[in-house]
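Student: quick one: sequence and predicted model below, then my questions.
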Amino acid sequence: MAKERRGADIVIEVLQTEGVELVFGVPGGAIMEVYDALFDSDIVHILARHEQGAGHMAEGYASASGKVGVAFSTSGPGATNLVTAIADAYMDSRPVVFITGQVPTGLIGNDAFQEVDIVGITRPITKHNFLVKSVEELPLRLRQAFYIARTGRPGPVVVDIPKDVTQQRSTVDIPSDREVMESLPGYKPHYEGNIQQIKKAVELIVAAQRPVLYVGGGAVYADAQKELIELAEMLQIPVTTTTQGKGAFPETHPLSLQMLGMHGTYYANMAVYHSDLLIAVGARFDDRVTGKIDEFAPEAKIIHIDIDPASISKTINVDVPIVGDAKIILRKLIAELKKRKVKVLYPTQRKKWLEQIEYWKKNYPLSYDWSDEVIKPQYVVEEIYRQSKGEAI
């Protein structure tokens with residue numbers, strides 16, 4: 001059994017167990033005990049000027065590092081200031097744990113000073129959220145929050161901790177990974193993908209003459225860059241990405257169509273419109289991508305690979321849904337294609353497809369008007385790319 005310590009000390013102990021090195025936040029009365037405990041730890045705290053900023057910082061950290069971001073705020077207005085960042089993390093699938101202070105448990109529901117039902121407010125914009133009611137349940141709830149945030153489709157989790165819970169003392173142990181998973185029997189993300197669905201996808205890929213890989217942020221989170229390049233090069237399939245999918249496939253690659261949708265390239269949109277097979281990997285068919293639903297890829301069969309079953313056929317009806325981790329499924333897809341001895345040699349119609357795309361690229365490139373008097377942002381980005389030799393983040 002662990003030694004007796006304050007709830008606030010347990011919060012920091014769990015963060016250290018989860019490997020947290022950096023947190024973002026703004027202190028306040030209801031979470032002051034946690035800040036007091038943070039002072040004696042090795043965790044670095046970044047003081048924001050506003051809680052919304054702290055939340056966005058935690059999102060950016062999660063995106064850049066691949067770790068779970070953490071943001072702190074106090075109760076009431078401190079917690080409500082996080083709402084925009086929480087909603088943004090939910091929409092963009094960012095794994096962030098938001099830890100908010102709350103008024104003491106005995107005052108909850110009494111309209112106490114700086115009391116807000118942040119659990120109720122954030123329920124529609126979180127993967128899950130918790131109101132911790134005792135110090136004994138505190139370590140489990142925090143570890144569950146991290147597990148839920150980073151597994152399956154990543155997303156934000158709010159843990160609301162009343163001030164008296166951070167002050168209470170307990171000898172409660174920190175639960176193990178196994179204990180955390182066993183405590184969530186209804187939460188079982190699928191990773192492997194159904195092999196029969198993968199075989200159906202292979203049949204469509206083999207038959208396709210004008211295929212396009214449509215890649216979203218899920219491929220980035222799954223670290224599926226290597227598999228995407230292998231599949232694209234193996235079958236000479238052009239690749240377009242969403243905003244969140246940038247980085248999943250090198251945009252300097254000959255098969256890259258860059259971004260699609262209303263802010264995308266002409267050739268990406270033309271390729272998708274005229275395709276006969278769309279292979280969606282970790283993308284959610286956002287309205288900025290699809291435009292008019294009935295005019296989006298009208299001739300294409302659609303394969304949709306996504307770890308979130310709720311995202312499949314939510315907007316666009318698909319022909320072959322495959323639920324699971326993008327990296328794992330792409331590996332299995334490549335293995336099945338190799339079993340079929342599918343080669344890079346493609347028929348004349350497929351060659352015409354790539355030639356058509358090259359025509360669009362050459363005749364309708366991204367461009368801007370040069371001026372000696374005004375420095376345009378496109379020029380700045382290009383110059384940063386040149387100066388950094390493509391290594392800028």
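Tutor: Ah, there it is.
Student: can you confirm Ala71 is in a helix?
Tutor: No - counting by DSSP: H, G, I helix; E, B strand; the rest coil, Ala71 falls outside a helix, being strand.
Student: OK, contacts around the residue nearest to it when sequence neighbours are not counted?
Tutor: Among residues not flanking Ala71 along the chain, Ala58 sits closest, at 4.1 Å (CB to CB, 6 or more residues apart in numbering). Where C-beta positions appear, they are placed from N, C-alpha and C, glycine not excepted. Contact analysis of Ala58 by CB atoms under 8 Å, 6 or more residues apart in numbering lists Val23, Phe24, Gly69, Val70, Ala71, Ala85, Ala89, Val96, Phe98.
Student: what comes up buried for the helix or strand encompassing the second one?
Tutor: Right, Phe24. Assignment of secondary structure by DSSP states H and E places Phe24 within strand 22-25. Buried residues in strand 22-25, defined by neighbour count with 16 or more other CB atoms under 10 Å: Val23, Phe24, Gly25.
Student: what do you get for stretch 182-200?
Tutor: Neighbour counts over stretch 182-200 (16+ other CB under 10 Å) mark Tyr191, Gly193, Asn194, Gln197, Ile198, Lys200 as buried.
Student: just the mean pLDDT for that stretch, thanks.
Tutor: Stretch 182-200 shows a mean pLDDT of 93.
Student: quick one on the thing from earlier: who wins for neighbours among the contacts of Ala58?
Tutor: Neighbour counts for the contacts of Ala58, by other CB atoms under 10 Å, peak at Val96, which reaches 33 neighbours.
Student: separation between that residue and Gly19?
Tutor: Distance of Val96 to Gly19, computed by CB to CB, to the nearest Å: 15 Å.
Student: so what's the residue count around Gly282?
Tutor: Neighbours around Gly282, by other CB under 10 Å: 33.
Student: was I right to think it contacts Gly216?
Tutor: Yes - at 4.5 Å, Gly282 and Gly216 qualify as touching, with contact defined as CB atoms under 8 Å.
Student: overlap in contacts, these two.
Tutor: Contact criterion CB under 8 Å, 6+ apart; residues shared by Gly282 and Gly216: Gly245, Ala248.
Student: could you pull up phi and psi at Leu47?
Tutor: Backbone torsions for Leu47, taken as degrees, to the nearest 10, come to phi -80, psi 120.
Student: who are the contact partners of it?
Tutor: Gly25, Val26.
Student: what about Ala87, how many residues nearby?
Tutor: Residues within reach of Ala87, counting by other CB under 10 Å, total 16.
Student: can you classify it by secondary structure?
Tutor: Per three-state DSSP, Ala87 ends up helix.
Student: isn't it right up against Ile121?
Tutor: No - contact criterion CB under 8 Å: Ala87 and Ile121 do not qualify, at 10.5 Å.
Student: which SSE is the residue nearest to the spatial centre of the chain in?
Tutor: What sits nearest the mean C-alpha location of the chain, by CA atoms, centre = their mean, is Ser93, with 3.3 Å. Under the criterion DSSP H and E, no helix or strand holds Ser93.
Student: with adjacent residues omitted, what lies nearest to it?
Tutor: Per CB to CB, 6+ apart, closest to Ser93 is Pro154, 4.9 Å.
Student: repeat that for Ile118.
Tutor: Nearest residue to Ile118 in three dimensions, chain neighbours excluded: Ala79, at 4.2 Å (CB to CB, 6+ apart).
Student: just so I have it, where are all the strands in the protein?
Tutor: Counting by DSSP state E, the chain has strands at residues 5-6, 22-25, 44-47, 69-73, 96-102, 128-131, 157-162, 169-170, 211-215, 239-241, 256-259, 277-281, 301-306, 320-323.
Student: parallel or antiparallel, list what pairs with the longest one.
Tutor: So that's strand 96-102. strand 69-73 (parallel), strand 157-162 (parallel) (DSSP bridges).
Student: point out where this structure drops to low pLDDT.
Tutor: For the chain, applying pLDDT under 70 flags the ranges 342-349.
Student: 80 instead, please
Tutor: Applying pLDDT under 80 to the chain picks out residues 1, 341-350, 393.
Student: so what touches stretch 302-311?
Tutor: For stretch 302-311, the surrounding residues in contact (CB under 8 Å, 6+ apart) are 152-153, 189-191, 193, 201, 204-205, 218, 222, 277-284, 312-313, 316-326, 329-330.
Student: next: stretch 214-227.
Tutor: With contact meaning CB under 8 Å, 6+ apart, stretch 214-227 is reached by 66, 92-93, 153-154, 228, 239-242, 244-249, 260, 272, 278-284, 289, 305-308, 325-328, 330-331, 334.
Student: and stretch 303-323, how far out from the chain's middle?
Tutor: Chain-centre distance of stretch 303-323: 16 Å, with CA atoms, centre = their mean, to the nearest Å.
Student: any idea how far apart the tips of stretch 260-267 sit?
Tutor: Start-to-end span of stretch 260-267 (CA to CA, to the nearest Å) is 8 Å.
Student: show me what counts as buried in that stretch.
Tutor: Buried residues in stretch 260-267, counting neighbours by 16+ other CB under 10 Å, are found at Leu260, Gly261, Gly264, Thr265, Tyr267.
Student: which one among those residues gets closest to Thr105?
Tutor: Using CB to CB, Gly261 comes nearest to Thr105 of the buried residues of stretch 260-267, at 47.4 Å.
Student: any idea how far that closest one lies from Leu47?
Tutor: In terms of CB to CB, Gly261 sits 37 Å off from Leu47.
Student: span of stretch 309-316 from start to end?
Tutor: Stretch 309-316 has an end-to-end distance of 13 Å (criterion: CA to CA).
Student: okay, and the beta partners of the residue nearest to Ala145 when sequence neighbours are not counted?
Tutor: Using CB to CB, 6+ apart and skipping the chain neighbours, the partner closest in space to Ala145 is Val157 (4.2 Å). Per DSSP bridges, the residues bridged to Val157 are Val97, His128.
Student: is it true that Val157 touches Val97?
Tutor: Yes - between Val157 and Val97 a contact is recorded at 5.4 Å, counting by CB under 8 Å.
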